[in-house]
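Chemist: let's see this in three dimensions:
(one chain, ligands or ions: 1)
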Amino acid sequence: MRTILGEIQQLIKPLFGTQAPVLTFSSSGTGVMEASLANILAPGEKVLALVHGQFGERYAQIARALGAEVDVIESEWGCVPDSQMIAAKLEKASYRAVIAVHNESSTGAVTDLSAIGALLRDRDTLLLVDSVSGLGGMELRQDEWGADIIVTGSQKALMCPPGLGFASVSEKARKVIERDDRCARFYLDMRKALATVDKQETAFTCPVSLLFGLHEALKMIHEEGLSQVFARHRRLSDALRAGCIGLGLPAFGDPTSASSTVVVATVPTPLTGGEIVKHMYENYNTAIAGARNKLSGKVIRIGTMGQINEADILTDLYYLERSLTALGHEVSTPGCGVAAAVAALR
Ligand code: PLP
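Modeler: Residues are numbered from 1 along each chain as shown. You can find the predicted model right below:
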């Protein structure tokens, strides 16, 4: 197990773009989001939350639940936070951390972390990042961009079952984590995890079977090559997005910050996202997602993360066209979604 843990450490660091230790927890993504905050927040400290979707809302809720005073910069869903607004807030108050979502799975918007990191470089404020649905499918350069803690989970672009959470910890974050005993924490105490990581151990019993799976998944990623993996995600998500547009479902949100790991498409009225999801599943055994938030009914979301290929997205588009047609939505010409995706792939 020590050998596997040591190899995982070396294989996973390039996915974070860091030389810093990557801590392993037995939890889903939300657990490590909580861990990132529980380890740095002394009572009364303030957090600046960047909210432009469901997971940004969740990060802010966790900070509040842990007793932080939370200021929020709320941006339109589908867009990303504005750096000038962040800079203005940082001038007015002292924050322990800025909390950001790298890849907002509810809208498909990708935050420019390097711009936020640059604002914090000469301050005590830490940059905490939820990259649960980005890491492994999209480039992260933690050290270069100045992110302090990046958290992720095993079940998205890392292609494993759920149950493992990871958090990378910069030197700057480590000083805050280790400063004193004011943060209430036990199982998620990163001091315990930091004390064991170099010994190739975990602080508590680790989920051995999940780690075996992760070890294999990381080897697959490196065999393909990290830059090739990122390029494949970009190419396939762009093609799927083009296919949805071809079918009359415009891409949701700002196209300049579109995700490579999830495609979010706007559902034309009078259709609802829920009926498309249901039809795809019941008739074609194809699982896509709608929304369980204020976009409910208005969008569908299709994951493009992990081990997927051209055939997967072309098949999705073929079934999507059939579902849309069955539900009464006219497409311009039969096969136009697949054709638009094929053109984009070329
Ligand atoms: N953050 C983002 C961006 C996510 O997409 C998800 C899950 O979909 C989470 C956090 C929560 O992760 P989990 O469901 O593993 O707790």
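
Chemist: give me the residue from the stretch 151-300 of the chain nearest the ligand.
Modeler: Closest residue of the stretch 151-300 of the chain to the ligand, C-beta to the nearest ligand atom: Gly153 (4.1 Å). Quick note: C-beta positions are derived from backbone N, CA and C, even for glycine.

Chemist: what about that residue, how many residues nearby?
Modeler: Residues contacting Gly153 under the criterion other C-beta atoms under 10 Å number 26.

Chemist: and what of Gln10?
Modeler: One way to gauge burial is a neighbour count; for Gln10, by other C-beta under 10 Å, it gives 11.

Chemist: tell me the pLDDT of it.
Modeler: What the model reports for Gln10 is a pLDDT of 98.

Chemist: now swap in Val72 and tell me
Modeler: In the predicted model, Val72 carries a pLDDT score of 98.

Chemist: centre of the chain to the lengthiest helix in the chain, how far?
Modeler: Ranked by residue count and defined by DSSP state H, the top helix of the chain is helix 226-246. The gap between where helix 226-246 is centred and where its chain is centred comes out at 16 Å by C-alpha atoms, centre = their mean, to the nearest Å.

Chemist: tell me the mean pLDDT for the following helix or strand past that helix?
Modeler: Counting by DSSP states H and E, the next helix or strand C-terminal to helix 226-246 is strand 262-266. Per-region confidence: strand 262-266 scores 98 on mean pLDDT.

Chemist: do strand 262-266 and the ligand come into contact?
Modeler: No. Residues of strand 262-266 contacting the ligand under C-beta under 6 Å from any ligand atom: none, with a closest distance of 8.1 Å.

Chemist: so which elements touch that strand?
Modeler: Using 3 or more C-beta pairs under 8 Å, 6 or more residues apart in numbering; DSSP states H and E as the contact criterion, the elements in contact with strand 262-266 are helix 226-246, strand 299-303.

Chemist: now with 10 Å?
Modeler: Identification of packing neighbours for strand 262-266 by 3 or more C-beta pairs under 10 Å, 6 or more residues apart in numbering; DSSP states H and E yields strand 103-104, strand 109-110, helix 226-246, helix 273-284, strand 299-303, helix 310-326.

Chemist: any idea which of those is most buried?
Modeler: Mean neighbour count (mean count of other C-beta atoms under 10 Å) peaks for strand 103-104 among the helices and strands packed on strand 262-266, with a mean of 30.

Chemist: now the host helix or strand of Gln10: buried residues?
Modeler: Gln10 belongs to helix 2-16 when assigned by DSSP H and E. Taking 16 or more other C-beta atoms under 10 Å as the basis for neighbour counts, the residues of helix 2-16 that come out buried are Leu5, Ile8, Gln9, Leu11, Ile12, Lys13, Leu15, Phe16.

Chemist: just to revisit the earlier point, the residue of the stretch 151-300 of the chain closest to the ligand touches Phe166, doesn't it?
Modeler: Yes. Look at Gly153 against Phe166 with C-beta atoms under 10 Å: they come within range, at 7.5 Å.

Chemist: which neighbours do these two have in common?
Modeler: By the contact definition C-beta atoms under 10 Å, 6 or more residues apart in numbering, Gly153 and Phe166 are jointly contacted by Phe25, Ser27, Gly29, Val32, Ser131, Val132, Leu135.

Chemist: so the host helix or strand of Leu210, near the ligand or not?
Modeler: In this structure, Leu210 sits in helix 208-224 according to DSSP H and E. No. Looking at helix 208-224 against the ligand by C-beta under 6 Å from any ligand atom, there are no contacts, and the closest approach is 12.7 Å.

Chemist: again, but for stretch 48-58
Modeler: Yes. With C-beta under 6 Å from any ligand atom as the criterion, the ligand is reached by stretch 48-58 at Phe55.

Chemist: ok and the residue in the protein nearest the ligand?
Modeler: Taking C-beta to the nearest ligand atom, the chain has Gly29 as its residue nearest the ligand, at 2.7 Å.

Chemist: for the residue nearest to the residue of the stretch 151-300 of the chain closest to the ligand when sequence neighbours are not counted, what are its contacts?
Modeler: The spatially closest residue to Gly153, leaving aside those adjacent along the chain, is Gly29, at 3.4 Å (C-beta to C-beta, 6 or more residues apart in numbering). Taking C-beta under 10 Å, 6+ apart as the contact definition, Gly29 lies against 55, 58, 105, 130-133, 151-156, 162, 164-166.
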